[in-house]
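>>> Only the shape, not the letters, is given here:
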């Protein structure tokens, strides 16, 4: 399940406030926003200009057209790099360290080969700067629920919007309506591609086992998630399966990596391990557990694990 639906009431209230902060893309000067990625205070996140072309690619990855030094395609936003063509997408491998930051200005100083950042809140220059440091960059997109704060929110008809997800301003999609949602998701994925991202992290993609307001079935979810995977792959982008543990056996061939929240807290990590056995990484976080409570097991499983705060700012405590 998604962290959005697992939190205790007090945590939900806290997460709602932080989600609004994330959506406004504001650095309000809160104590958390002033934390560096390694948990030490800093005045502001580091913003580093792209280095010269020729920076080595991240360990465990393969080079692909569209990394720093590539040309810019017609119609691509200024500063964007040409993404890899279909068939040459990034193939991440188990064990890659990562940073997941959805709140505040991206702290580019974290020395890891993989970043996962908000696709709407970051422009092509941020992706290019991370590429220049040898990073691969994942585009976070909410693919399963409507958000009233996104710039394309008006494109989603009311009939597509179901029950509240538990986060203010968000409603589950009627994922049965592939004919309506596919072009809208394609537009979002095109945005990620045009900004130069290497992969997609689609969020809230297990509506079938939630109180979505629609009579969704497991087959509805499989069809929708496979549609998302095809959209990504057709654009030369890798894609991760976010949570959705029950459908991992069926969806493993369609997805290039997993993103998991709190499998240790809920004693579910063994259910995600098929990705590792298939040579695909598991990017994993815990919120309530400290690293000494989960790192030994998840490292033994081959996961890329760290502790994060619920607002997913720059702070991280890796295993």
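Nice, I can see it. Computed from a predicted structure; not experimentally measured.

>>> so how far is stretch 153-165 from its chain's centroid?
Using Cα atoms, centre = their mean, to the nearest Å, we find the averaged C-alpha position of stretch 153-165 to lie 21 Å away from the chain's own average C-alpha position.

>>> average pLDDT for it?
Predicted confidence along stretch 153-165 averages 95 (mean pLDDT).

>>> what's the span of it from first residue to last?
The first and last residues of stretch 153-165 sit 16 Å apart, counting by Cα to Cα, to the nearest Å.

>>> which parts of it are buried?
Neighbour-count burial for stretch 153-165 flags 156, 160-162, 165 (criterion: 16 or more other Cβ atoms under 10 Å). Bear in mind the C-beta positions are built from the backbone N, C-alpha and C, glycine included.

>>> Equivalent analysis for stretch 211-226, please.
Judged by neighbour count using 16+ other Cβ under 10 Å, the buried positions of stretch 211-226 are 212, 214, 216, 220-222, 224-225.

>>> same thing with stretch 266-286?
In terms of neighbour count (16+ other Cβ under 10 Å), stretch 266-286 has its buried residues at 269, 272-273, 275-276, 280-286.

>>> which element follows the longest strand along the chain toward the C-terminus?
Among the elements of type strand in the chain, defined by DSSP state E, the one spanning the most residues is strand 136-142. On the C-terminal side of strand 136-142, the closest following helix or strand by DSSP states H and E is strand 145-147.

>>> What lies in contact with that next one?
Contact with strand 145-147 is made by 23, 153, 156, 160-161, 165, 169-173, 203-204, 207, as judged by Cβ atoms under 8 Å, 6 or more residues apart in numbering.

>>> Could you spell out the sheet neighbours of whatever helix or strand comes next after it, each with its direction?
Heading C-terminal from strand 145-147, the first helix or strand you meet, by DSSP H and E, is strand 161-164. Using DSSP bridges, the neighbouring strands of strand 161-164 in the sheet come out as strand 170-173 (antiparallel).

>>> Now distance to residue 291, secondary structure and pLDDT too, for the buried residues of stretch 211-226, in JSON lines please.
Conversion of these to JSON lines gives the following (distance: Cβ to Cβ, whole Å; DSSP: H, G, I helix; E, B strand; the rest coil; pLDDT from 0 to 100):
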{"residue": "212", "distance to residue 291": "34", "secondary structure": "coil", "pLDDT": "96"}
{"residue": "214", "distance to residue 291": "39", "secondary structure": "coil", "pLDDT": "96"}
{"residue": "216", "distance to residue 291": "36", "secondary structure": "coil", "pLDDT": "97"}
{"residue": "220", "distance to residue 291": "37", "secondary structure": "helix", "pLDDT": "98"}
{"residue": "221", "distance to residue 291": "32", "secondary structure": "helix", "pLDDT": "98"}
{"residue": "222", "distance to residue 291": "34", "secondary structure": "helix", "pLDDT": "98"}
{"residue": "224", "distance to residue 291": "34", "secondary structure": "helix", "pLDDT": "98"}
{"residue": "225", "distance to residue 291": "31", "secondary structure": "helix", "pLDDT": "98"}
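
>>> Closest one of those residues to residue 135?
Proximity of the buried residues of stretch 211-226 to residue 135 (Cβ to Cβ) peaks at residue 225, which lies at 26.3 Å.

>>> which SSE is the residue nearest to that closest one when sequence neighbours are not counted in?
Beyond its immediate neighbours in the sequence, the residue positioned closest to residue 225 (Cβ to Cβ, 6 or more residues apart in numbering) is residue 205, lying 5.4 Å away. Assignment of secondary structure by DSSP H and E places residue 205 within no helix or strand.

>>> going forward, begin numbering at 754 instead of 1
Shifting the count to begin at 754 puts that one at residue 958.

>>> Would you agree residue 958 is in contact with residue 897?
Yes. Using Cβ atoms under 8 Å, residue 958 makes contact with residue 897 at a distance of 4.6 Å.

>>> quick one, what contacts the closest residue to residue 1070 other than its chain neighbours?
The spatially closest residue to residue 1070, leaving aside those adjacent along the chain, is residue 1060, at 4.1 Å (Cβ to Cβ, 6+ apart). Contacts of residue 1060 were listed using Cβ under 8 Å, 6+ apart, and they are 1038-1040, 1042-1044, 1069-1071.

>>> could I get these as TSV with secondary structure and pLDDT?
Listed next are the contacts of residue 1060 as TSV, based on DSSP: H, G, I helix; E, B strand; the rest coil; pLDDT from 0 to 100:
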residue	secondary structure	pLDDT
1038	strand	98
1039	strand	98
1040	coil	98
1042	coil	98
1043	coil	98
1044	helix	98
1069	coil	98
1070	strand	98
1071	strand	98
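
>>> Now do the SS call for residue 863.
coil (DSSP: H, G, I helix; E, B strand; the rest coil).

>>> same deal with the one 10 residues further on?
In the three-state summary, residue 873 is assigned as coil, counting by three-state DSSP.

>>> what's the neighbour count on it?
Number of residues near residue 873 (other Cβ atoms under 10 Å) recorded here: 20.
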